[in-house]
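Undergrad: What shape does this take:
(one chain, ligands or ions: 1)
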Amino acid sequence: MNIAVIGTGYVGLVAGTCFAESGNDVICVDVDEQKIDILKTGVPTIYEPGLRDLLERNIEEGRLRFTTDLDSAVRASLVIFIAVGTPEGEDGSADLTHVLGVARNIARCTDDYKVIVTKSTVPVGTGDRVRQEIAAVSDTEVDVVSNPEFLKEGAAVDDFMKPDRVVIGTESDRAREIMVELYSPFVRTGNPIITMGLRSAEMTKYAANALLATKISFMNEIANLCELLGVDVNEVRVGIGSDHRIGTQFLFPGVGFGGSCFPKDLRALLKMGHEAGRPLQVVEASERVNNAQKEILYEKIRDYFGGKLSGLKIAVWGLAFKPRTDDMREASSVTIIDKLLDDGARVVAYDPEAMERARSRFGDRIQYAANAYVALEKADALAVVTEWNEFRRPNFAKMRELLSRPIIFDGRNIYTPAEIRKHGFTYVSIGAPIVEG
Ligand SMILES: NC(=O)c1ccc[n+]([C@@H]2O[C@H](COP(=O)([O-])OP(=O)(O)OC[C@H]3O[C@@H](n4cnc5c(N)ncnc54)[C@H](O)[C@@H]3O)[C@@H](O)[C@H]2O)c1
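TA: This next block holds a predicted model:
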């Protein structure tokens, strides 16, 4: 099938590459010329495990091309995915400037039947607006489909190749058949392609993200209470997660959620609720709890040092909003580091993938370590902010030698008190009693 994907960010680049991998002819389009020039050479512009190999192979085999020329991509394609950003607008709603702009441009060069698919996360009713934008410019027959994306950054290729489910929202039988055919190679193990109305599909994406975010905020609240009551939340987590109705995922307490999706999608959903005269109180609470939780590791560090952080050197392990990505959008690391700097602390940071992005965010306000151990040299404490695998089994003896004071603030509960005690660290985690060194 001939496919165009407009927007080559985390979603568009992964989707385009994976569609090519399953045998389609794919043209990816972006307005960012520099990005397109890099992608043409087979070099991914984001870090995602497995992406580089797929990109190289599919370019080499001629199934995957990159261009800034939207017209030719649209003319050559039957299915056109819109995967541009939907950033937060000033009032919290999703900014649809890019999505609707692309829809108008597609309409200008549409000469025969097309399936136009919104893959970007868009508020309920956007598909109808896309249809209107197109109808205002062109009378060629098109069908509009909502196909929200559920991939996780850090496992995006795997998630796309083997999705738990594919959601296709449309009122058109013709478009539905084309979409089902396109996705059938990805669900050969029997995971469902769920077809529904267009507006239902748009809402499904927000409801999924809001529920997952709420699970995280709920567990963080329980963790904070556990701490005050002398309970270890890690035990409680295992105790409740074994109930199939609850499940084990998204129950890990920590420093709150960040990233390019949960925070902005929650705010867009809240906005939808307000506009419809039905404010979403649970979602509101999830967001409020999360905003507070993003500061919690900083507060623990500040309190431990009696409010005097000036001149102290704090090593930070992990900057990306989660492991296996270089994405730092709305990352808790940013909140924590800004707070530490405001209090006069010096920060030396290390992340396996996000160092470049950190440099553009913090410039020379922090120091950047060449590896995790270099960050610890003469530091007064270590703060673990992202749970990268390489931080999970470190050389504790070496860490003790490097740190001026053996204190670990673990924002992701990746260590166990027993191993910490063995090495004589003081250990402050989330939702569990402090282990004194
Ligand atoms: N990142 C995720 O994990 C994820 C997961 C599911 C859904 N989503 C949603 O998918 C959408 C895209 O997210 P992302 O993280 O890939 O965004 P991104 O910011 O990484 O990429 C967006 C891309 O679109 C390009 N673009 C903007 N305007 C354009 C135009 N007019 N024509 C062509 N290209 C244009 C930008 O240059 C950029 O490369 C958003 O709606 C997001 O909410 C993201």
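
Undergrad: How about the residues of this structure by the ligand?
TA: Neighbours of the ligand within the chain, by CB under 6 Å from any ligand atom: 6-12, 29-32, 35, 83-86, 98, 101-102, 120-121, 149, 151, 153, 260-261. No exception for glycine: its C-beta is placed from N, CA and C like everyone else's.

Undergrad: In ChimeraX, how would I select the buried members of those residues?
TA: In ChimeraX syntax, the buried subset of the residues of the chain next to the ligand is picked out as below (16 or more other CB atoms under 10 Å):
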select :6,7,8,9,10,11,12,29,30,35,83,84,85,86,98,102,120,121,149,151,153,260,261
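
Undergrad: Pull the residues that contact stretch 121-129.
TA: The contact list for stretch 121-129 (CB atoms under 8 Å, 6 or more residues apart in numbering) reads 86, 93-94, 96, 99-100, 103, 118, 144-146, 148-149, 169, 198-199, 202-203, 205-206, 209, 261, 265, 268, 271-272.

Undergrad: Now that stretch: buried residues?
TA: Judged by neighbour count using 16+ other CB under 10 Å, the buried positions of stretch 121-129 are 121-124, 126-127, 129.

Undergrad: Return the alpha-carbon coordinates of that stretch using PDB.
TA: This file holds the C-alpha atoms of stretch 121-129, laid out as PDB (Å, rounded to 0.1, in the frame of the first residue of the first chain):
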ATOM      1  CA  THR A 121      -3.700  12.800  19.900                       C
ATOM      2  CA  VAL A 122      -6.600  15.100  19.200                       C
ATOM      3  CA  PRO A 123      -9.700  16.200  21.100                       C
ATOM      4  CA  VAL A 124     -13.100  14.700  20.400                       C
ATOM      5  CA  GLY A 125     -14.500  16.500  17.300                       C
ATOM      6  CA  THR A 126     -11.100  17.100  15.600                       C
ATOM      7  CA  GLY A 127     -11.900  14.500  12.900                       C
ATOM      8  CA  ASP A 128     -15.000  16.400  12.000                       C
ATOM      9  CA  ARG A 129     -13.000  19.600  11.800                       C
END
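
Undergrad: tell me the domain ranges of the chain?
TA: Domain ranges of the chain: 2-196, 206-292, 294-428, per automatic domain parsing.

Undergrad: Turn these into TSV, including distance to residue 437 and mean pLDDT.
TA: Formatted as TSV, the domains of the chain follow (distance: least, CB to CB, whole Å; pLDDT from 0 to 100):
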stretch	distance to residue 437	mean pLDDT
domain 2-196	32	97
domain 206-292	18	97
domain 294-428	4	97
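
Undergrad: can you give me the strands in the stretch 301-437 of the chain?
TA: Remark: strands assigned in the stretch 301-437 of the chain by DSSP state E, counting those that start in this stretch are 313-317, 346-350, 367-368, 381-384, 407-410, 426-428.

Undergrad: go on, the stretch 51-200 of the chain?
TA: 64-67, 79-82, 114-118, 142-146, 166-169, 193-196.

Undergrad: Would you convert the ones you listed into CSV that also reports mean neighbour count and distance to residue 184?
TA: Formatted as CSV, these follow (neighbours: other CB atoms under 10 Å; distance: least, CB to CB, whole Å):
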stretch, mean neighbour count, distance to residue 184
strand 64-67, 22, 20
strand 79-82, 26, 14
strand 114-118, 27, 15
strand 142-146, 24, 16
strand 166-169, 23, 9
strand 193-196, 16, 7
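
Undergrad: Remind me which helix or strand residue 27 belongs to.
TA: Assigned by DSSP states H and E, residue 27 falls within strand 25-29.

Undergrad: quick one: contacts of that strand?
TA: 1-8, 12-13, 16-17, 19-20, 36, 39, 58, 63-70, 72-73, 76-77.

Undergrad: which ones among these are found in helices?
TA: Under the assignment DSSP state H, the contacts of strand 25-29 contribute 12-13, 16-17, 19-20, 36, 39, 58, 70, 72-73 to helices.

Undergrad: Out of these, which comes closest to residue 314?
TA: residue 13 (34.8 Å; CB to CB).

Undergrad: Let me see the contact set for the closest one.
TA: By CB under 8 Å, 6+ apart, the contact set of residue 13 is 28, 39, 44-46, 51, 55.

Undergrad: again, but for residue 391
TA: 317-318, 372, 384, 414.

Undergrad: swap in residue 172?
TA: 143, 145.

Undergrad: Using the centroid of the protein, identify the residue furthest from it.
TA: Computed with CA atoms, centre = their mean, the residue of the chain farthest from its C-alpha average is residue 139, at 37.6 Å.

Undergrad: ok and the residue in the stretch 1-150 of the chain nearest the ligand?
TA: Of all residues in the stretch 1-150 of the chain, residue 9 sits closest to the ligand, at 1.8 Å by CB to the nearest ligand atom.

Undergrad: Please report phi then psi for the closest residue to that residue other than its chain neighbours.
TA: Distance criterion CB to CB, 6 or more residues apart in numbering; nearest residue to residue 9, sequence neighbours excluded, is residue 85 at 6.4 Å. Main-chain torsions, residue 85, degrees, to the nearest 10: phi -70, psi 150.

Undergrad: wait, isn't residue 85 in contact with residue 98?
TA: Yes. Residue 85 is in contact with residue 98 according to CB atoms under 8 Å; the separation is 5.9 Å.
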